[in-house]
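Asks: Quick one: sequence plus predicted model below, questions after.
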Amino acid sequence: MNPSTPSTGVLLSAFEQHYAELVRYIARRTGSMEEARGLAHDTWLRIAERQADQDVALADPRAYLFTISHNVAMNHLRRGNWLQGYLAECGAIDGAAPAQAPDVAESAMYRQAVARVEAALGSLPARVRDNYLAHGLHGEKQVDIAERLGLSIDTVKRDIAQATRCIEDALHAWRHTQNANRGGGAAIAGRTGRRKSLAALLGVFAVGVSGTAVWQHLQREALRYQTTLATLRGRLLQRSLPDGSEVTLDAQSRLEVDYTATRRLTRLREGAAFFSVQRDEARPFVVQALGVEVAVLGTRFGVEIDGGRGVVVQVESGRVQVDADGRRAELGAGQSLRIAGGERVLTTVAHPAAWRQGELAFDAVPLADALGRMARYSQTELRVAPAAARLPISGKVRVAEAQSWLASLPSVLPVRVDRQQDGSIDIVRR
């Protein structure tokens, strides 16, 4: 959105006037009312970014608005058709690929690698070896290891890093290559770099080596998928994950994805995300946010960091398990749980993660939090005075009507809305 675009702009006014008609128009083309609301939100983003003087010359704003929405819908359908074709092609290639099995020479070679790794582990101090195996092989969390042994978390991390470097050196010796990270005084690569190194050293992952659990662990470490997804102000992102699950990321949000052969872990660092999870009983899908952990097998749900202090979990279908502060709760479809400061508030919700359709819902939240939520979509800076920050506000607002909502605040709260010359807005208590 451009800060100079007024709320009474020609196209924005047309959007508000014809919103319901516009959603029905898009739904007839996509076949989905849910997708239509999301695409209508994309349409609003496009027109909100226009300069104000571009709107004035339009002879028929309604026709122009529907032309934009038509183009948005067609682009969406083209992307969907391309993705389906791409996945079908990948499936055909995978199906046509001959199955590979290791020959006798390969099996012998990899058994030698296993022996080198076992010897390397055996040369380590007992504590270092045990900490590495407890974390990497048995999946014990580093913080739990530290607590169990009475060590600092930094000590456990150093032990794991030392063991990983030792294994890496052993594999380099096995392949008769030089470890670039060990020469010239260079700093040891980070955890991601070490996995890439292990992946290169292990070579062909499909080689079936019967033997130790250590080897299986090394394969799992090498077969790791990691990425970080982030969005800018006013922008949503939808992305498919390697297991077929999908995530929709709200504006100004950041999500870290960490997949291995045995787990599916995501970490929401800021903002909000909605997940459509493919069921996999062998690998639960876990979302972590501000000390809260949400675990599912396959369902549709949203997680949001609320005002930077609390976490909100909303379930659209299926069931999710929420762990926080040593307490566990199970949520079903249509339920919402907010966790903040040791308090839990369980409510029902008709439309989980309504921000996907360009709507925000506030239930007696502080005005400062509501403005902070709205600011994810506004290039205009919103400021609230301390005296007005804690005033509670409730209701629903469409992001497309943000300016009208701001203008209406004095009618429901004892505040004044002051627009500054630079376009920013100050809200002060009367």
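Replies: Now that the structure is in, tell me what you want to look at. Treat the numbers as computed from the prediction; the structure is a model and nothing was measured. Numbers count the residues shown, from 1 in each chain.
Asks: Name the residues of stretch 265-281 that are buried.
Replies: The neighbour-count check on stretch 265-281 (16 or more other C-beta atoms under 10 Å) flags 265-266, 268, 270-277 as buried. Just so you know, the C-beta spots here come from the backbone N, C-alpha and C atoms, and that holds for glycine as well.
Asks: want to try CSV for those residues, with distance to Q142 as columns?
Replies: Shown next, in CSV, are these (distance: C-beta to C-beta, whole Å):
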residue, distance to Q142
L265, 14
T266, 19
L268, 20
E270, 23
G271, 26
A272, 28
A273, 25
F274, 30
F275, 25
S276, 31
V277, 26
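Asks: quick one: contacts of the helix or strand V143 falls within?
Replies: When elements are assigned from DSSP states H and E, V143 belongs to helix 142-149. With contacts defined as C-beta atoms under 8 Å, 6 or more residues apart in numbering, helix 142-149 is touched by 127, 131, 134-135, 151-153, 155-157, 160.
Asks: And the average pLDDT for that helix is what?
Replies: Taken as a whole, helix 142-149 carries a mean pLDDT of 86.
Asks: buried ones in it?
Replies: Using 16+ other C-beta under 10 Å as the burial criterion, the residues of helix 142-149 that qualify are 142, 145-146.
Asks: which of those residues lies closest to G302?
Replies: Proximity to G302 was ranked across the buried residues of helix 142-149 by C-beta to C-beta; first place goes to Q142, at 28.8 Å.
Asks: Contacts only, for the closest residue to that closest one other than its chain neighbours.
Replies: Counting by C-beta to C-beta, 6 or more residues apart in numbering, Q142 lies nearest to V156, which is 4.9 Å off, once chain neighbours are set aside. When contacts are counted by C-beta under 8 Å, 6+ apart, V156 is found next to 131, 135, 142, 145-146, 149.
Asks: ok, 10 Å please
Replies: By C-beta atoms under 10 Å, 6 or more residues apart in numbering, V156 lies in contact with 127-128, 131-132, 134-135, 140-149.
Asks: buried sites along stretch 226-235?
Replies: Buried residues in stretch 226-235, counted by 16+ other C-beta under 10 Å: 229, 231, 234-235.
Asks: could those residues go into a markdown table alongside distance to H351 and pLDDT?
Replies: As requested, the buried residues of stretch 226-235 are exported to a markdown table (distance: C-beta to C-beta, whole Å; pLDDT from 0 to 100):
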| residue | distance to H351 | pLDDT |
| --- | --- | --- |
| L229 | 23 | 91 |
| T231 | 21 | 89 |
| G234 | 21 | 82 |
| R235 | 21 | 85 |
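Asks: which ones among those residues are found in strands?
Replies: Under the assignment DSSP state E, the buried residues of stretch 226-235 contribute L229 to strands.
Asks: Tell me the one among the buried residues of stretch 226-235 nearest to N71.
Replies: Closest approach to N71 among the buried residues of stretch 226-235 (C-beta to C-beta): R235, at 17.7 Å.
Asks: Tell me who's in contact with that closest one.
Replies: The contact partners of R235, taken as C-beta under 10 Å, 6+ apart, are 42, 45, 249-253, 376-377.
Asks: rewinding a little: nearest to V320 among the contacts of V156?
Replies: Of all these, K141 has the smallest distance to V320: 20.7 Å, by C-beta to C-beta.
Asks: what's the burial count for R24?
Replies: Residues contacting R24 under the criterion other C-beta atoms under 10 Å number 12.
Asks: just the one 4 residues further on next, same as before
Replies: Residues contacting R28 under the criterion other C-beta under 10 Å number 10.
Asks: what's the answer for V296, then?
Replies: Here the neighbour count serves as a burial measure; for V296 (other C-beta under 10 Å) it reads 23.
Asks: How much space separates the residue lying closest to it once chain neighbours are set aside from E34?
Replies: Of all residues beyond its chain neighbours, the one nearest V296 is V320 (4.7 Å), with distances taken as C-beta to C-beta, 6+ apart. Separation of V320 from E34 (C-beta to C-beta, to the nearest Å) stands at 20 Å.
Asks: which one of the two has more residues nearby?
Replies: Neighbours per residue (other C-beta under 10 Å) separate V320 from E34, with V320 holding more: 26 against 12.
Asks: In contact with the more buried one: list those residues for me.
Replies: By C-beta under 10 Å, 6+ apart, the contact set of V320 is 275, 277, 285, 287, 294-297, 299-301, 303, 313-314, 329-333, 335, 337.
Asks: Also A63?
Replies: For A63, the residues meeting the contact criterion (C-beta under 10 Å, 6+ apart) are A14.
Asks: okay but R390 is in contact with A370, surely?
Replies: No - R390 lies out of contact with A370 (C-beta atoms under 10 Å); the separation is 11.3 Å.
Asks: Overlap in contacts, those two.
Replies: Looking at what touches both R390 and A370 (by C-beta under 10 Å, 6+ apart), the common residues are V384.
Asks: Among the two, which residue is more densely surrounded?
Replies: Neighbour comparison, R390 and A370: the larger count goes to A370, with 23 against 12 (by other C-beta under 10 Å).
Asks: Check the model's average confidence along the host helix or strand of N75 for me.
Replies: Secondary structure assignment for N75, by DSSP H and E: helix 61-96. Averaging pLDDT along helix 61-96 gives 67.
Asks: what do you get for stretch 172-190?
Replies: Per-residue pLDDT over stretch 172-190 has a mean of 55.
Asks: Would you mind writing the CA trace of stretch 392-408 as PDB?
Replies: C-alpha atoms of stretch 392-408 as PDB (Å, rounded to 0.1, in the frame of the first residue of the first chain):
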ATOM      1  CA  PRO A 392     -10.000  -2.700  25.000                       C
ATOM      2  CA  ILE A 393     -11.600  -3.100  21.500                       C
ATOM      3  CA  SER A 394     -13.700  -5.800  20.000                       C
ATOM      4  CA  GLY A 395     -15.100  -6.400  16.500                       C
ATOM      5  CA  LYS A 396     -14.300  -7.500  13.000                       C
ATOM      6  CA  VAL A 397     -12.700  -5.400  10.300                       C
ATOM      7  CA  ARG A 398     -11.800  -6.100   6.700                       C
ATOM      8  CA  VAL A 399      -8.200  -5.100   5.900                       C
ATOM      9  CA  ALA A 400      -9.600  -3.400   2.800                       C
ATOM     10  CA  GLU A 401     -11.600  -1.100   5.100                       C
ATOM     11  CA  ALA A 402      -8.700  -0.300   7.500                       C
ATOM     12  CA  GLN A 403      -8.900   3.400   6.900                       C
ATOM     13  CA  SER A 404     -12.600   3.500   7.600                       C
ATOM     14  CA  TRP A 405     -12.100   1.500  10.800                       C
ATOM     15  CA  LEU A 406      -9.500   3.900  12.000                       C
ATOM     16  CA  ALA A 407     -11.700   6.800  11.300                       C
ATOM     17  CA  SER A 408     -14.500   5.200  13.300                       C
END
